[in-house]
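Asker: the sequence and its predicted three-dimensional model are supplied below.
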There are 2 protein chains.
Amino acid sequence: MDSRELLVETMSDLMWERGYADTSPREVRERSGIGQGSMYHHFPSKRDLGVAALERNCADLLPAASELEGPGDPLARIEAYLMRPRDALRGCKVGRMTQDPQVVADPVLLAPVSAAFEQIHRSWVRALTAAVESGQLRADLDPERLAYTLMASLQGGYVLAIAAQDPAPFEAARAGALDLLRAAAPAGATR
Amino acid sequence: MDSRELLVETMSDLMWERGYADTSPREVRERSGIGQGSMYHHFPSKRDLGVAALERNCADLLPAASELEGPGDPLARIEAYLMRPRDALRGCKVGRMTQDPQVVADPVLLAPVSAAFEQIHRSWVRALTAAVESGQLRADLDPERLAYTLMASLQGGYVLAIAAQDPAPFEAARAGALDLLRAAAPAGATR
DNA sequence: GTCTATATCGGGATAGAC
DNA sequence: GTCTATCCCGATATAGAC
């Protein structure tokens, strides 16, 4: 792996662990083993490196979300994505950025975060719409809203798990969301 | 208001706005108008001031949550608390702390955060249990889980709203949660 | 209790040789 | 492209007078 690539990967990891504001160029150097001059050759500022690292972290989320639109019946895809293995105590590498004041204050840093959530939201909406159309969910439910609710169950689950330093609240939050979805099957549906 | 009180209040505000790690004693001094010596007389370190400010912010959340256990029918209390006016773009002054690496790494700073969420969770559980017992929610729903799901809808809603720089995702997330709760009324219930 | 002055350190970046 | 040396500033705290 070349230096540039290694720098981005290291910065991405650190931003997931500590956010942007609290990550220093020094840490990136030390963890990656890349020298000072080399680093500032590739990235003239911390912000430039941060943008590259953030774009990578945002891109990392998309393949899994595209499963929401894959084969299989809609509710099964929804359940699979909702319950896919996740490390609750590490949190979401994208969601975390919304609590970093330096990221939120900088439109260039915030842009990939907004874009990633928008794209995931669209995947959710399409899957939920399909579930309604196929009769797996009640027709009076709004897929747009529900998409945000389910995304929020995950993002908020991380918050609760980290506060408790225990994955249980995360697992309970998403399991409860699934319970509600199932309870929202149309009356009389066999499944 | 005395100096000590003013320092805590100022630090609380700054921690809500910017978190702990990214808030400097200098900002607290400048915003509060309290001098250097005075500040270090009352609080020997940033951390001491942070603990006091965080405890205040955590305490601020509890009165509203206690409404979950007030008068009125359970589902109405749940709805009132879920939909109470909240400034989505400011986020939660307690939930934000879970994304601050310096808070999470320090058990003394994290403790009031965990405790606050635990207490709010217990209020949610009691309200949801009452709703199940009074027949407003299906008996096969687990109040413990559901409590985390609803708390997460709020906490995650903030994340989505801040990412979008728009309160709409927050409003949609909680409205969708309420839709699901209503869809989870026992079959045949008149209300 | 409050003030001003001073100290130390790390974050972030630049300079210029190789 | 990479290295080492250096610079500047703000974060955090200490010192000691009033």
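Answerer: Good, I have the coordinates.
Asker: switch to C-alpha atoms for all contacts and neighbour counts from now on
Answerer: Will do.
Asker: just say helix, strand or coil for A:Ala76.
Answerer: Here A:Ala76 is helix, with the state taken from DSSP: H, G, I helix; E, B strand; the rest coil.
Asker: got any ranges where chain A has weak pLDDT?
Answerer: A:188-191 (pLDDT under 70).
Asker: in it, which residue sits closest to DNA strand C?
Answerer: A:Ser24 (3.1 Å; C-alpha to the nearest atom of the strand).
Asker: buried stuff in the helix ranked longest in chain A?
Answerer: In chain A, assigned by DSSP state H, the helix with the most residues is helix A:107-133. For helix A:107-133, a neighbour-count test (16 or more other C-alpha atoms under 10 Å in any protein chain shown) marks A:109-114, A:116-117, A:120-132 as buried.
Asker: same question for stretch A:6-26.
Answerer: By neighbour count with 16+ other C-alpha under 10 Å, stretch A:6-26 contains the buried residues A:6-23, A:25.
Asker: so does it get close to chain B?
Answerer: Yes - part of stretch A:6-26 sits near chain B under the criterion C-alpha under 8 Å from any C-alpha of the partner chain, namely A:17-19, A:21-22.
Asker: quick one: residues in contact with that stretch.
Answerer: Residues outside stretch A:6-26 that contact it (C-alpha atoms under 8 Å, 6 or more residues apart in numbering or on different chains) are A:28-29, A:31-32, A:34, A:39, A:46, A:49-50, A:52-54, A:56-57, A:90, A:92-94, A:96-97, A:100-103, B:21-22, B:99-101.
Asker: next: stretch A:76-92.
Answerer: For stretch A:76-92, contacts defined as C-alpha under 8 Å, 6+ apart pick out A:16-17, A:64-65, A:67-71, A:124, A:127-128, A:150, A:154-155, A:157-159, A:161-162, A:165-167, A:170, A:174-175, A:178.
Asker: swap the cut-off to 6 Å and go again
Answerer: Contacts to stretch A:76-92, defined as C-alpha atoms under 6 Å, 6 or more residues apart in numbering or on different chains, come from residues A:68, A:158, A:162, A:167.
Asker: which of the residues of stretch A:6-26 next to chain B fall in helices?
Answerer: Those of the residues of stretch A:6-26 next to chain B lying in helices (DSSP H): A:17-18.
Asker: can you list the residues of stretch A:6-26 next to chain B in TSV and add distance to DNA strand D?
Answerer: As requested, the residues of stretch A:6-26 next to chain B are arranged in TSV below (distance: C-alpha to the nearest atom of the strand, whole Å):
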residue	distance to DNA strand D
A:Glu17	18
A:Arg18	15
A:Gly19	15
A:Ala21	11
A:Asp22	10
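Asker: identify the farthest-apart pair in the residues of stretch A:6-26 next to chain B.
Answerer: Pairwise distances across these (C-alpha to C-alpha) peak at 11.5 Å, for the pair A:Glu17 and A:Ala21.
Asker: for chain A, which residues are neighbours of DNA strand C?
Answerer: A:21-27, A:36-37, A:40, A:44-47 (C-alpha under 7 Å from any atom of the strand).
Asker: could you rerun that using 10 Å?
Answerer: Proximity of chain A to DNA strand C, by C-alpha under 10 Å from any atom of the strand, involves residues A:20-28, A:35-41, A:43-50, A:102.
Asker: in chain A, which spans are helices?
Answerer: A:3-18, A:25-32, A:36-42, A:46-66, A:74-82, A:101-104, A:107-133, A:143-164, A:168-183.
Asker: what is the fourth one packed up against?
Answerer: Pointing back at helix A:46-66 there. If you count contacts as 3 or more C-alpha pairs under 6 Å, 6 or more residues apart in numbering or on different chains; DSSP states H and E, helix A:46-66 packs onto helix A:3-18, helix A:107-133.
Asker: same thing with the shortest one?
Answerer: Packed against helix A:101-104 by the contact rule (3+ C-alpha pairs under 6 Å, 6+ apart) you find helix A:107-133.
Asker: report the distance from the helix it packs on to the chain centre.
Answerer: Helix A:107-133 has its C-alpha centroid displaced from the chain centroid by 10 Å (C-alpha atoms, centre = their mean, to the nearest Å).
Asker: tell me the spacing between the residue of chain A closest to DNA strand C and chain B.
Answerer: Per C-alpha to the nearest C-alpha, to the nearest Å, A:Ser24 is found 13 Å from chain B.
Asker: how about A:Asp179?
Answerer: Relative to chain B, and taking C-alpha to the nearest C-alpha, A:Asp179 is found at 7 Å.
Asker: cool, and A:Leu128?
Answerer: According to C-alpha to the nearest C-alpha, A:Leu128 and chain B sit 12 Å apart.
Asker: nearest residue to that residue in space, please, no chain neighbours.
Answerer: Leaving aside its sequence neighbours, A:Leu128 sits nearest to A:Pro143 (C-alpha to C-alpha, 6 or more residues apart in numbering or on different chains; 5.4 Å).
Asker: what about that neighbour, how many residues nearby?
Answerer: Residue neighbour count, defined by other C-alpha atoms under 10 Å in any protein chain shown, stands at 23 for A:Pro143.
Asker: report the angle between the longest helix of chain A and helix B:143-164.
Answerer: 130 degrees (axes from the mean of the first three to the mean of the last three C-alpha atoms, to 10 degrees).
Asker: excluding chain neighbours, what is closest to A:Gly70?
Answerer: Closest to A:Gly70 by C-alpha to C-alpha, 6+ apart is A:Arg77, at 7.3 Å.
Asker: with A:Ala52 instead?
Answerer: Once flanking residues are discounted, A:Ala52 sits nearest to A:Val8: 6.4 Å by C-alpha to C-alpha, 6+ apart.
Asker: with A:Val51 instead?
Answerer: The shortest distance from A:Val51 to any non-neighbouring residue, by C-alpha to C-alpha, 6+ apart, is to A:Leu109 (5.9 Å).
Asker: wait, doesn't the one you found sit right on A:Val103?
Answerer: Yes - in this structure, A:Leu109 is within contact of A:Val103 by C-alpha atoms under 6 Å, at 5.4 Å.
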